[in-house]
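Student: I need the structure of the sequence given here:
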Amino acid sequence: MTTIHTGLDIAKLNLQLHLTGRIHDLPNTAAGHRRLLKLLATQPGVQVVCEATGGYERDVVAALHAGNVPVSVLNPARVRHFARASGQRAKTDHIEAAVLTAYGQALQPKPTAPRTEQEQQLAELIRRRVQVLEILVAQRQQAGRLIPRHP
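Tutor: Predicted structure coming up:
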């Protein structure tokens, strides 16, 4: 069976699915995820291609895995370089979804395996550590700008 790569641009509130040349706007909610699975069920051999979006992708990727739909979660920098190499300079959600489809068709990325519970916990701890380090750096920079008071 031939794999049909379909791009899914993910934002905090919505999803843009580029499926067989059409764009479908869906909410990034449980109801939107169910609609997404129904749309994808109409195309046998479909594989979703999306970017890691700092966490906004987690629930929809989990829904795709639960629905046994192969999904490739890509590094956004790779997709950006692919778009530039393809001459695509504009960046809208619709264009991003189409670029993800083209990326999948051209490079045929392997599906991303679902994370185990331990891997999810470790990823959350790492994400939180990065946040705390960013806060610490910001606080040190602010403290460095304070004017010392002399008694």
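Student: Contact partners for the closest residue to residue 70 other than its chain neighbours?
Tutor: Leaving aside its sequence neighbours, residue 70 sits nearest to residue 111 (CB to CB, 6 or more residues apart in numbering; 3.9 Å). Yep, even glycine has a C-beta here, placed from its N, CA and C like the rest. Contacts for residue 111 were tallied using CB atoms under 8 Å, 6 or more residues apart in numbering; they are 47, 70, 71, 72.
Student: and the first one, how many residues sit next to it?
Tutor: Burial measure for residue 47: 20 neighbouring residues, criterion other CB atoms under 10 Å.
Student: ok, now the last one?
Tutor: The burial metric for residue 72, expressed as a neighbour count using other CB under 10 Å, is 21.
Student: ok, for it, nearest residue in space, not its chain neighbours?
Tutor: residue 109 (4.1 Å).
Student: can you tell me how far the one you found sits from residue 145?
Tutor: 45 Å (CB to CB, to the nearest Å).
Student: Ok, residue 45 next?
Tutor: Distance, residue 45 to residue 145, by CB to CB: 58 Å.
Student: Of the two, which one has the most company?
Tutor: Neighbours were counted for residue 45 and for residue 145 using other CB under 10 Å; residue 45 has more, 10 against 6.
Student: Much appreciated, bye for now.
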